[in-house]
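# Below is the structure, and that's it, no one-letter string:
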């Protein structure tokens with residue numbers, strides 16, 4: 001079996017990051033400990049949830065589930081130092097990559113004006129034959145397009161007319177959980193915060209029926225193998241997609 005190549009340290013010379021994912025809990029399964037590191041450095045990090053995960057608990061009606069999952073996400077974000085959480089209320093489970101989604105996400109980028117945008121794995125699989133979920137793919141790919149859209153005043157010009165000025169300052173999109181990950185960040189000191197952030201999604205985890213499932217064990221297995229590739233005890237991996245011309 002081939003040894004995975006070493007991972008490069010992420011560039012942390014930035015001040016603002018916007019995390020855009022499909023569902024509450026997505027960030028907590030791969031990036032929350034990294035977020036805790038960054039907020040601990042005094043950086044601003046905001047969350048945008050495209051859906052409210054309302055189709056995620058089989059035994060709970062969507063309208064009730066929406067309320068529960070939004071509350072869990074707000075608390076989960078608080079535990080890693082994030083107090084800006086937007087919900088775009090798009091339909092869970094049936095998101096489509098296209099102009100409508102790009103428009104919504106371009107508006108978020110223009111509103112928050114980040115240096116870096118973080119999203120989930122947008123590849124078709126998690127590696128091998130394990131298929132990715134359709135909403136993750138749709139959102140991740142729309143994020144890549146929307147970041148470029150946000151910098152062009154002639155794309156979605158109605159937003160500019162309403163006061164959302166173009167923003168072309170996003171250096172890169174970082175996708176956590178990607179099988180194409182080439183960079184990582186040391187999360188050794190903030191790993192516990194990441195675990196607590198995932199555990200805050202109690203209703204969702206219980207609703208999945210994962211008996212005896214342990215959030216710490218799950219996250220630690222991933223973080224240790226990633227840390228070995230970075231040369232630290234624990235780490236989170238990201239695929240870095242540069243957004244600048246000539247990068």
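Looks like it arrived, so ask away. Every value quoted in this text rests on a predicted model; they were computed, and no experiment measured them. Numbers count the residues shown, from 1 in each chain.

# Check which helix or strand the residue lying closest to residue 164 once chain neighbours are set aside maps to.
Spatially, and ignoring its direct neighbours in sequence, residue 164 is nearest to residue 110 (4.2 Å; CB to CB, 6 or more residues apart in numbering). Where C-beta positions appear, they are placed from N, C-alpha and C, glycine not excepted. For residue 110, the enclosing helix or strand under DSSP states H and E is helix 99-112.

# Tell me which residues of that helix come out buried.
In terms of neighbour count (16 or more other CB atoms under 10 Å), helix 99-112 has its buried residues at 101-112.

# need the contact list for the residue nearest to residue 164.
By CB atoms under 8 Å, 6 or more residues apart in numbering, the residues touching residue 110 are 150, 159, 164-167.

# how about 10 Å then?
Neighbouring residues of residue 110 by CB atoms under 10 Å, 6 or more residues apart in numbering: 146, 149-151, 153, 156, 159-160, 163-168.

# swap in residue 187?
31-37, 193-194, 219, 223, 226-227, 230, 232-236.

# Which of those fall in helices?
Counting by DSSP state H, the members of these that fall within helices are 32-37, 193-194, 219, 223, 226-227, 230.

# and residue 190, which of the three is it?
helix (DSSP: H, G, I helix; E, B strand; the rest coil).

# Pull the contacting residues for it.
32-40, 80-81, 197, 234, 236.

# Drop anything exposed from those residues.
Buried members of the contacts of residue 190, counted by 16+ other CB under 10 Å: 32-39, 80-81, 197, 234, 236.

# All good on my end, thank you.
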